[in-house]
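here are the coordinates; sequence isn't available:
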């Protein structure tokens with residue numbers, strides 16, 4: 001049986017503790033404005049944006065926050081990661097047609113490669129991300 005009791009949000013951030021952990025423990029930046037997003041995506045390499053959605057309404061969000069660092073490790077750091085803040089989440093999801101959350105949006109520099117929406121089986125993540133990383137930016 002699962003305990004679906006509401007969690008206590010830290011008053012300063014209002015973040016689910018597992019999302020906050022991505023910033024504090026793993027050092028993922030929080031992107032809360034267009035300038036921050038543009039700057040992050042302009043860096044060389046492949047980037048993964050974690051679009052959490054509302055963790056109060058979507059119980060998969062916490063699972064995805066635990067899975068993402070494991071995926072990054074499985075792909076031996078082939079991409080860096082950032083957390084998308086509520087302030088820009090809706091616009092970003094609409095712009096890239098990644099409407100379901102939680103979502104992982106992949107970019108090679110600022111060029112969108114693809115997305116993995118919702119929580120998946122591990123083998124599905126591996127297959128989808130391998131395919132996305134093999135793509136050339138459109």
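Received it, and whenever you're ready, just let me know what you need. Computed from a predicted model, the values in this text were never measured in an experiment.

now the residue nearest to residue 117 when sequence neighbours are not counted, what's its secondary structure?
Leaving aside its chain neighbours, residue 117 sits nearest to residue 100 (4.0 Å; criterion: CB to CB, 6 or more residues apart in numbering). Glycine gets a C-beta too; all of them are placed from N, C-alpha and C. In three-state terms, and counting by DSSP: H, G, I helix; E, B strand; the rest coil, residue 100 is coil.

I'd like the distance between residue 100 and residue 28.
According to CB to CB, to the nearest Å, residue 100 and residue 28 sit 21 Å apart.

ok, now how distant is residue 73 from residue 67?
11 Å.

between those two, which has more neighbouring residues?
Comparing residue 73 with residue 67 by other CB atoms under 10 Å, the one with more neighbours is residue 67, at 19 against 9.

make sure the more buried one is indeed in a strand.
No: going by three-state DSSP, the assignment for residue 67 is helix, not a strand.

which of residue 100 and residue 28 has more neighbours?
Remark: of residue 100 and residue 28, residue 28 carries more neighbours, 22 against 14, as counted by other CB under 10 Å.
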